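>>> just need the structure, nothing else, for what follows:
(one chain, ligands or ions: 1)
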Amino acid sequence: MPVKVAAGRPAKLSTRASRTSEPPIGTLMAQALTIPGVVSLAAGFVDQESLPAAEVLSAAQVVLSDPARGKAALQYSSTMGDLGLRRDWMRRLEREDGITPATHNFSEEHVIITNGSQQLLKLVSEALLDPGDIVIVEAPTYFVYLGIIESLGARAVSVDCDAQGLVPDSLRAALQTLRRSGDLSRLKLVYCMSYFTNPMGVNLSGERREELYSILEELDESGETVYLLEDAAYRPLRYDGPDLPSIKTRDTGNEFVIYTQTFSKAFSPGFKLGFGLLPDALVAPVRRLKGNADFGTSNFTMQLAEELLRSGAVDRHAAELREMYRRKRDLFRQAIHEEFPEGVVTVDPAGGLYVWAQLPGAIDTGPEGPLFAAALEEKVLYVPGRFCFAPDRDAGPPARSSMRLSFGLPAPDAMVEGVARLGRAVRRVL
Ligand SMILES: Cc1ncc(COP(=O)(O)O)c(C=O)c1O
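Model (predicted):
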């Protein structure tokens, strides 16, 4: 039995703590997951069965059975992260994108290892944003990043996102509006997921990558330096089509694009390791902020990651995951096709873990709406779409009539059953 704790005295909270709200989805899901037998198509977790415990055990054995290496792994590392691991990631940048210190004007000093890419997103945002500053985000976007913007007192300005990713014309229109209202100088960042977005599952097209970078150059020429925070979290989980070069490849002066990847999606979120390549002007500020936050990511975790990268275990595992998730994605797609009534529009993902669904008419998918209640009765969970929209776009459709579904966590049978249950719930409210 949990112990009942009496409410304590109220604290005199800081402005930042006071304006940081509880993540709405966390609370919602915690309540819903207490329902016995519920299938969650909501959680952004990875497939449980595929997590590489045996590989991690071997890596730990290798690291710890060498006395000198083992003891070094149990010591602190540096604020920017273990140099060996940073060099490993630099080799990956070269392999994936041909990005090298010689071609892109950086050194290992510009590379940082963080507690998940989430920490990188937070540190970069903290380094750049004062209350009232502006960040451009996709509509819909990664909802946890919206929490960072809110907490810093900054303002999110949304731009459209379609099946090809962020729409450059919509970005140009947003810039024009900011210019006219005199707010352009407060724009500091554009946050963009360039591969298989969370929540839409769309991959930014090659032309749009080019155009997005050109817009940054144009802004710079007009005297406004705006950074692009390029989040490539889902890049390794690609099931169809070629691997497109990152937007970072265009940034040969290492001036405008902060590029980040993570160990979480294609290896293990339990490692909570993120990687970032920073433009020169951001290295010292981000290092100072990370120094205050934790003066370095867990060294033991970094040493294990280094061993796993060098032994080839990470690449082998990613290849297996692509096969496994491709099958899950196909099964999910087929179940949606069979179980969802006509009129529900879904985006077919070529990678990542999510399917975005748009319901017809004005059906409210929110937690107080009829669909969420019907889904709970059917014992299935989804993420209400509106949580993925910044406050400037979270009213009306599409925010109110969309939902994010994930094929990451549930086992195939449960996943198909979850889609059938959700299909019944949708039919009931239609
Ligand atoms: C788009 C995106 N970026 C970043 C993250 C952060 O992941 P992590 O901190 O585990 O690297 C997530 C996690 O779900 C994500 O979906």
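>>> need the longest helix for the chain.
Using DSSP state H, we find that the single longest helix of the chain is helix 313-339.
>>> distance from that one to the middle of the chain?
Taking Cα atoms, centre = their mean, to the nearest Å, one finds helix 313-339 lying 19 Å from the centre of the chain it belongs to.
>>> residues of that helix that come out buried?
Residues 313-315, 317-318, 321-322, 325-326, 328-329, 331-333, 335-336, 339 are the ones in helix 313-339 that count as buried (16 or more other Cβ atoms under 10 Å). For every residue, glycine as well, the C-beta is placed using N, CA and C.
>>> quick one: find the helix or strand in this structure with the lowest mean pLDDT.
Sorting the helices and strands of the chain by mean pLDDT, DSSP states H and E puts helix 24-32 at the bottom, at a mean of 75.
>>> pull that one out as PDB, backbone CA atoms only.
Presented in PDB, the C-alpha positions along helix 24-32 are these (Å, rounded to 0.1, in the frame of the first residue of the first chain):
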ATOM      1  CA  PRO A  24      -0.100  16.800 -20.000                       C
ATOM      2  CA  ILE A  25       0.600  13.500 -21.600                       C
ATOM      3  CA  GLY A  26       2.500  12.000 -18.700                       C
ATOM      4  CA  THR A  27      -0.300  12.600 -16.300                       C
ATOM      5  CA  LEU A  28      -2.900  11.300 -18.700                       C
ATOM      6  CA  MET A  29      -1.000   8.200 -19.500                       C
ATOM      7  CA  ALA A  30      -0.200   7.400 -15.900                       C
ATOM      8  CA  GLN A  31      -3.900   7.400 -15.100                       C
ATOM      9  CA  ALA A  32      -4.900   5.500 -18.200                       C
END
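>>> is it positioned near the ligand?
No - for a cut-off given as Cβ under 6 Å from any ligand atom, helix 24-32 has no contacts with the ligand; the smallest distance is 11.3 Å.
>>> pull up the residues of the protein that are close to the ligand.
Counting by Cβ under 6 Å from any ligand atom, the chain comes close to the ligand at 44, 116-118, 142, 193, 198, 231, 233, 262, 264, 269, 272, 274.
>>> which of these fall in helices?
116-118.
>>> reformat those as a markdown table; add neighbour count.
Formatted as a markdown table, these follow (neighbours: other Cβ atoms under 10 Å):
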| residue | neighbour count |
| --- | --- |
| Gly116 | 19 |
| Ser117 | 22 |
| Gln118 | 21 |
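>>> re earlier: pairing partners for the helix or strand just after the least confident helix or strand of the chain, with directions?
Of the helices and strands lying after helix 24-32 in sequence (DSSP states H and E), the nearest is strand 39-40. Using DSSP bridges, strand 39-40 pairs in its sheet with strand 380-381 (parallel).
>>> off-centre distance for the strand it pairs with?
22 Å.
>>> and stretch 89-97, by the same measure?
Here stretch 89-97 is found 20 Å from its chain centre; the criterion is Cα atoms, centre = their mean.
>>> list the buried ones in it?
For stretch 89-97, burial by neighbour count (16+ other Cβ under 10 Å) applies to 89-90, 92-93, 96-97.
>>> could I get the full set of helices for the stretch 151-300 of the chain?
168-180, 206-221, 280-293, 299-310 (DSSP state H, counting those that start in this stretch).
>>> please identify the deepest-packed of the ones you listed.
helix 299-310 (a mean of 22; mean count of other Cβ atoms under 10 Å).
>>> what helix or strand is Ile112 on?
Per DSSP H and E: strand 111-115 holds Ile112.
>>> pass me the low-pLDDT residue ranges in this structure, would you?
1-2 (pLDDT under 70).
>>> repeat that for 90
Filtered on pLDDT under 90, the chain yields the residue ranges 1-10, 22-36, 43-45, 347, 360-363, 395-398, 430.
>>> in it, which residue sits nearest the ligand?
The nearest approach of the chain to the ligand comes at Gly116, 2.3 Å away (Cβ to the nearest ligand atom).
>>> wait, that residue sits on Leu273?
Yes - using Cβ atoms under 8 Å, Gly116 makes contact with Leu273 at a distance of 6.8 Å.
>>> shared neighbours, these two?
262, 264 (Cβ atoms under 8 Å, 6 or more residues apart in numbering).
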